[in-house]
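Undergrad: Test case, fold it:
(one chain, ligands or ions: 2)
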Amino acid sequence: MDVSDGMREAALAFPNSRSNEADESTVPDSVACELYKHPHGEHVALLLDLGPNDEDGAAWVTWCTDGSDVKVRRKPYCASKSPSGKDVCWLHTQHRGGCSWERYE
Ligand SMILES: [Zn+2]
Ligand SMILES: [Zn+2]
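TA: Ligands and ions are numbered 1, 2, ... in the order given. Prediction:
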């Protein structure tokens, strides 16, 4: 999905977005859903990390398969860690499907 100027501005408008010198070029021009393949429900992709702390989370864009209902929201990161403790999940809290580390362990 292409990232529009409006989505980019919304991501950069969150507090802390500029603390790590984020600017328009920090937000990707296009994103793809980061969840496991799923037939229903909204898709989600990271637009901008809102550090410096993990609790600060990130700006995420969510959208429906038909391209409607695009929203830019701030959510904390998922707190899940792999059983070995080596990998963390880079999706947002309360995401659908499996955690990203499950693909590697
Ligand atoms: Zn998806
Ligand atoms: Zn997770």
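Undergrad: Just say helix, strand or coil for the closest residue to Gly41 other than its chain neighbours.
TA: Spatial nearest neighbour of Gly41, excluding adjacent residues (C-beta to C-beta, 6 or more residues apart in numbering): Arg96 at 6.1 Å. From N, CA and C alone the C-beta is placed, and that goes for glycine too. What DSSP: H, G, I helix; E, B strand; the rest coil gives for Arg96 is coil.
Undergrad: Tell me how far Arg96 lies from Ala11.
TA: Distance, Arg96 to Ala11, by C-beta to C-beta, to the nearest Å: 21 Å.
Undergrad: thinking again about what came up before, give the contact list for the residue nearest to Gly41.
TA: Neighbouring residues of Arg96 by C-beta atoms under 8 Å, 6 or more residues apart in numbering: Leu35, Tyr36, His38, Gly41.
Undergrad: and what of Trp101?
TA: By C-beta under 8 Å, 6+ apart, the contact set of Trp101 is Ser80, Lys81, Ser82, Asp87, Val88, Cys89.
Undergrad: how about 10 Å then?
TA: Trp101 is in contact with Cys78, Ser80, Lys81, Ser82, Pro83, Ser84, Lys86, Asp87, Val88, Cys89, Trp90, Leu91, counting by C-beta atoms under 10 Å, 6 or more residues apart in numbering.
Undergrad: Mind telling me what element the residue sitting nearest the centre point of the chain is part of?
TA: Geometric centre of the chain, nearest residue: Leu46, 2.5 Å, by C-alpha atoms, centre = their mean. Using DSSP states H and E, Leu46 maps to strand 43-49.
Undergrad: pLDDT of that strand, averaged?
TA: Averaging pLDDT along strand 43-49 yields 94.
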